[in-house]
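S.K.: starting from these lines, generate the structure:
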Amino acid sequence: MVNGRISVNSAFSVASMGGLVLAFAVSTVAGADVSWSGGDGAQNWHDAGNWNPAEVPGEGNNNTAILGDATSDRTISGNPSGGKLDWDQTTSGVTQTIVMDRFWNPPWGLAADSSVAGGSGLIIDLNGNRLKLNMTAVNTINGMKGVRFVDTDGSGWLESDNIGLNAASSVGPGVEMRSGRGESRSFGSWDPTAILTGTQTRFDINQINGPTGLGHVIMGVDNQNNYLMENDTEGRIQGDWSITGQGAKIQFAGAGRKLIVNGNFTDVNNDGLDYSGAGSTLVFAGNPVSPRTVDIGRSLLLDMAVGLSGESGDIVLGQSLTTSGTFDILSGSKVNVGLNTLTTGDLNLLAGSELEIGFGSAGQVVANGAVALDGNLTLDLSSLTALVTEITLIDNDGTDPLVGTFANAPSGTTYNSPVGTYSLAYNFNGNDLALTFVPEPASVVLVSLGGLMLARRRRHFD
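M.R.: Predicted coordinates:
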């Protein structure tokens, strides 16, 4: 390190054997400094006339590239080259932008610092290319102050062993962040559409949040095990969480953790692995504009909640969901079970919440603990085409009876279906919530003439 600047030397060689291969040779010998002299506005990195002395960094013996302060907006097209990039912006209201045009692998990182009010005076546009920062003491995204990463092309990605951001830095819409280790401590902001695809991430999400929270998370590596919160007890994902790698799972580093997801949550695994989250809670909140889909194909060992203090939640089950923990639906929040089965430990529906159940192959809640009911109940019986005498809505296998009733559905509330009228019964046949068929003269005659068989339905899915 010289005068607080980082030395980097990247030599590019291209060979073709059925494809394009980029190789990089690293030199630890620092050459002369090369300072930017091309002025502001639209400029080209590879124009030797923009440098003093007039040599493009890295093409001679010049290994240090210095980009000083811009007094008006400056956009430099072309990848930085040479061994050291010293990038600084101090004039307020002005931005400097580098638009990449190839793969960029500065082996010793970037010295980038913007003291512009509000940060993000420095912009790196991936422009569909790959930027790789390796794991060294100075080669972390954390070390860049006031840098904003964007990708105007939409097909590039930023890769680093350490995926953190400085508090004044940010990740823009659609940027894909790839991490090999992810031991991050970060306060930078992530756009909700930004993507994290770390393979061995281990970090405190709360420190990555910044003002907008972490963006989309994709776990696509088989048996990937991501630790989310090692020290902090709460973290938020602003976008979607997708687990597509076979056997991949998230892991809480201790009890009492709370992962808050604002977007959709998808886990395609069905191999029985849990989230190692005993004593922790998976929360769906964030006042969504439209319902988020929760599609988890494995049994969980953690508590779940829809809604958070001061925030509503609204989820639709994409498939049947099983957790051995408590399931809470908070005021202003809704769970649409649809034609699936929701299996829980304790079930708590608070005042102002809503539970929607449809009739079909499942359309049921199975509670293996205590059940407390309040809020509203919505039933969709439009798929009921065959007459059954009893429909169990909440199969309460706990030892205690149901506590409370739905505010909009007291005992005896009737519902119409394509095959007739049903009445709601609390603590039916013990401690279930059920619908019982209400015969009418016309219905009885129709059943007799049609030879339909009346059946009682009680469903229990383990």
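S.K.: where does the stretch 251-400 of the chain have low pLDDT?
M.R.: 272-274, 276-278, 360-361 (pLDDT under 70).
S.K.: what residues sit buried inside stretch 348-366?
M.R.: 348-350, 352-359, 362-366 (16 or more other C-beta atoms under 10 Å). (Glycine included, C-beta is placed from N, CA and C.)
S.K.: likewise for stretch 86-99?
M.R.: Quick answer for stretch 86-99 (16+ other C-beta under 10 Å): 86, 87, 88, 89, 94, 95, 96, 97, 98, 99.
S.K.: does the third one really touch residue 68, like I thought?
M.R.: Yep, that's residue 88 we're talking about. Yes. Residue 88 is within contact range of residue 68, at 6.3 Å (criterion: C-beta atoms under 8 Å).
S.K.: picking up where we left off before, okay, the buried residues of stretch 86-99 in CSV with distance to residue 163 next?
M.R.: Listed next are these as CSV, based on distance: C-beta to C-beta, whole Å:
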residue, distance to residue 163
86, 23
87, 20
88, 24
89, 23
94, 28
95, 23
96, 23
97, 22
98, 20
99, 22
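S.K.: of those residues, which one scores lowest on pLDDT?
M.R.: By pLDDT, residue 86 ranks lowest within those, coming in at 85.
S.K.: how far away is it from residue 50?
M.R.: 16 Å (C-beta to C-beta, to the nearest Å).
S.K.: how about the strands of the stretch 101-250 of the chain, start to end?
M.R.: 111-114, 122-125, 130-133, 147-150, 157-160, 170-171, 176-179, 189-190, 195-196, 216-219, 225-227, 234-237, 241-243, 249-251 (DSSP state E, counting those that start in this stretch).
S.K.: so which of the ones you listed gets nearest residue 311?
M.R.: The closest of those to residue 311 is strand 234-237. By C-beta to C-beta, the value is 10.2 Å.
S.K.: in that closest one, what's buried?
M.R.: Those would be 234, 235, 236, 237, for strand 234-237 by 16+ other C-beta under 10 Å.
S.K.: how about the nearest residue to residue 77, chain neighbours excluded?
M.R.: residue 99 (4.6 Å; C-beta to C-beta, 6 or more residues apart in numbering).
S.K.: how about the contacts made by the one you found?
M.R.: 75, 76, 77, 78, 125, 127, 152 (C-beta atoms under 8 Å, 6 or more residues apart in numbering).
S.K.: if we can go back for a sec, can you list which of the buried residues of stretch 86-99 are found in strands?
M.R.: Among the buried residues of stretch 86-99, DSSP state E puts 86, 87, 88, 89, 96, 97, 98, 99 in strands.
S.K.: how about stretch 122-130: buried residues?
M.R.: 122, 123, 124, 125, 126, 127, 129, 130.
S.K.: the third one is in contact with residue 131, isn't it?
M.R.: To tie it back to what came earlier, the one meant is residue 124. Yes. Residue 124 is in contact with residue 131 according to C-beta under 8 Å; the separation is 6.8 Å.
S.K.: so what sits against both of these two?
M.R.: What both residue 124 and residue 131 touch, as defined by C-beta under 8 Å, 6+ apart, is the set 100, 149.
S.K.: ok, residues contacting stretch 314-326?
M.R.: Contacts of stretch 314-326 (C-beta under 8 Å, 6+ apart): 266, 278, 281, 284, 288, 290-297, 299-304, 306, 333-338, 340-348, 362, 368-369, 461.
S.K.: how about it as PDB, C-alpha atoms only?
M.R.: As requested, the backbone C-alpha atoms of stretch 314-326 are provided in PDB (Å, rounded to 0.1, in the frame of the first residue of the first chain):
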ATOM      1  CA  ASP A 314     -50.600 -11.500   3.100                       C
ATOM      2  CA  ILE A 315     -49.600 -15.000   1.900                       C
ATOM      3  CA  VAL A 316     -51.000 -17.700  -0.400                       C
ATOM      4  CA  LEU A 317     -49.800 -21.300   0.100                       C
ATOM      5  CA  GLY A 318     -48.300 -22.600  -3.200                       C
ATOM      6  CA  GLN A 319     -48.400 -26.100  -1.700                       C
ATOM      7  CA  SER A 320     -49.200 -27.800   1.600                       C
ATOM      8  CA  LEU A 321     -47.000 -26.400   4.400                       C
ATOM      9  CA  THR A 322     -45.900 -28.200   7.600                       C
ATOM     10  CA  THR A 323     -44.200 -26.700  10.700                       C
ATOM     11  CA  SER A 324     -44.000 -28.100  14.100                       C
ATOM     12  CA  GLY A 325     -43.700 -24.700  15.600                       C
ATOM     13  CA  THR A 326     -46.400 -22.000  16.400                       C
END
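S.K.: double-check that residue 288 belongs to a helix.
M.R.: No. Using DSSP: H, G, I helix; E, B strand; the rest coil, the assignment for residue 288 is coil, not a helix.
S.K.: mean pLDDT lowest for which of the strands of the stretch 101-250 of the chain?
M.R.: strand 225-227 (a mean of 74).
S.K.: elements contacting it?
M.R.: strand 249-251 (3 or more C-beta pairs under 8 Å, 6 or more residues apart in numbering; DSSP states H and E).
S.K.: try 10 Å this time
M.R.: Counting contacts by 3 or more C-beta pairs under 10 Å, 6 or more residues apart in numbering; DSSP states H and E, strand 225-227 is packed against strand 216-219, strand 249-251.
S.K.: buried sites along it?
M.R.: Those would be 225, 226, 227, for strand 225-227 by 16+ other C-beta under 10 Å.
S.K.: likewise stretch 363-377?
M.R.: Buried residues in stretch 363-377 (16+ other C-beta under 10 Å): 363-371, 373-377.
S.K.: got it, and stretch 391-400?
M.R.: By neighbour count on 16+ other C-beta under 10 Å, the buried set for stretch 391-400 is 391, 392, 393, 394, 395, 396.
S.K.: what's the end-to-end length of stretch 383-393?
M.R.: End-to-end span of stretch 383-393 (C-alpha to C-alpha, to the nearest Å): 15 Å.
S.K.: how far does it sit from its chain's centre?
M.R.: 38 Å (C-alpha atoms, centre = their mean, to the nearest Å).
S.K.: of the buried residues of stretch 363-377, which belong to strands?
M.R.: Using DSSP E, the buried residues of stretch 363-377 in strands are 364, 365, 366, 367, 371, 376, 377.
S.K.: and the two most separated of those?
M.R.: 366 and 376 (20.4 Å).
S.K.: and the nearest residue to residue 156 once chain neighbours are set aside, how far from residue 240?
M.R.: Spatial nearest neighbour of residue 156, excluding adjacent residues (C-beta to C-beta, 6+ apart): residue 126 at 3.4 Å. According to C-beta to C-beta, residue 126 stands 21 Å off from residue 240.
S.K.: re earlier: from the contacts of residue 99, which has minimum pLDDT?
M.R.: residue 78 (89).
S.K.: list the contacts of the residue lying closest to residue 257 once chain neighbours are set aside.
M.R.: Spatial nearest neighbour of residue 257, excluding adjacent residues (C-beta to C-beta, 6+ apart): residue 280 at 4.0 Å. Residue 280 is in contact with 228-229, 233, 250-259, 301-303, 325, counting by C-beta atoms under 10 Å, 6 or more residues apart in numbering.
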